[in-house]
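Student: model this:
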Amino acid sequence: MIRPVVLLVEPQPSVAEIIEDVLRPIAQLYLHREFEPARRQLAVQRFDFIVSNLRLHSFNGLHLAYAVNAVAPTRCIIYTKSREPALAQDVRRAGAFYEVVDRLPVTLAAYLGGGLPPADRRDAAVPDRRTPFRGGRRIWDRQLLSTFD
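Tutor: Residues are numbered from 1 along each chain as shown. Have a look, this model is predicted:
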């Protein structure tokens, strides 16, 4: 099985370490802490996925999504520390997928392993109600989730 090539751009070492632990076993990972080195890397190498924090000092993850998609269409996952519907809409307009950093350890494997739709179709104004996989049967998951509604 060919492992996807992923560019991770995260300025905070503690967050980068968590995401790196999730991605290393399932992807070939390139890590950059700032926008400029990541942008230069895009010029010399093709990536299957770009995973970037929205806030990258003087630039942001949206600049990176626009830069990579100008060269070749690439799946981008842009994340923030907390859920911000207005920023989520901007991320989706850029053609990227929006996540909250707390959800990344759960969702990155799904993003890299599964087929993604052409665009993030989730409503930015509605909180994400997905839960981490608990195992077991799907009917059990539905019954469990319906008890909390």
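Student: What ranges does this structure have for its strands?
Tutor: 5-9, 28-32, 49-53, 55-56, 59-60, 75-80, 97-100 (DSSP state E).
Student: what's the closest of the ones you listed to residue 68?
Tutor: Nearest of the strands of the chain to residue 68, taken as Cβ to Cβ: strand 49-53 at 5.6 Å. C-betas here are computed from N, CA, C, even on glycine.
Student: then that closest one to CSV, C-alphas only?
Tutor: Output of strand 49-53 as CSV, limited to C-alpha atoms (Å, rounded to 0.1, in the frame of the first residue of the first chain):
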residue,chain,number,x,y,z
PHE,A,49,-2.7,16.3,1.6
ILE,A,50,-1.8,19.6,3.3
VAL,A,51,-2.7,19.8,7.0
SER,A,52,-2.2,23.4,8.4
ASN,A,53,-3.1,25.5,11.3
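Student: coming back round to it: just send the strands of the chain back as a markdown table, with distance to residue 22 and mean neighbour count too.
Tutor: Converted to a markdown table, the strands of the chain look like this (distance: least, Cβ to Cβ, whole Å; neighbours: other Cβ atoms under 10 Å):
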| stretch | distance to residue 22 | mean neighbour count |
| --- | --- | --- |
| strand 5-9 | 10 | 22 |
| strand 28-32 | 10 | 18 |
| strand 49-53 | 10 | 24 |
| strand 55-56 | 20 | 18 |
| strand 59-60 | 22 | 18 |
| strand 75-80 | 12 | 23 |
| strand 97-100 | 12 | 22 |
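Student: Nearest the geometric middle of this structure, what residue?
Tutor: residue 77 (2.9 Å; Cα atoms, centre = their mean).
Student: shouldn't residue 71 be in contact with residue 41?
Tutor: No - contact criterion Cβ atoms under 8 Å: residue 71 and residue 41 do not qualify, at 11.8 Å.
Student: what sits against residue 32?
Tutor: 7-9, 38, 41 (Cβ atoms under 8 Å, 6 or more residues apart in numbering).
Student: low-scoring pLDDT stretches of this structure, where are they?
Tutor: Counting by pLDDT under 70, the chain has low-confidence residues at 1, 114-149.
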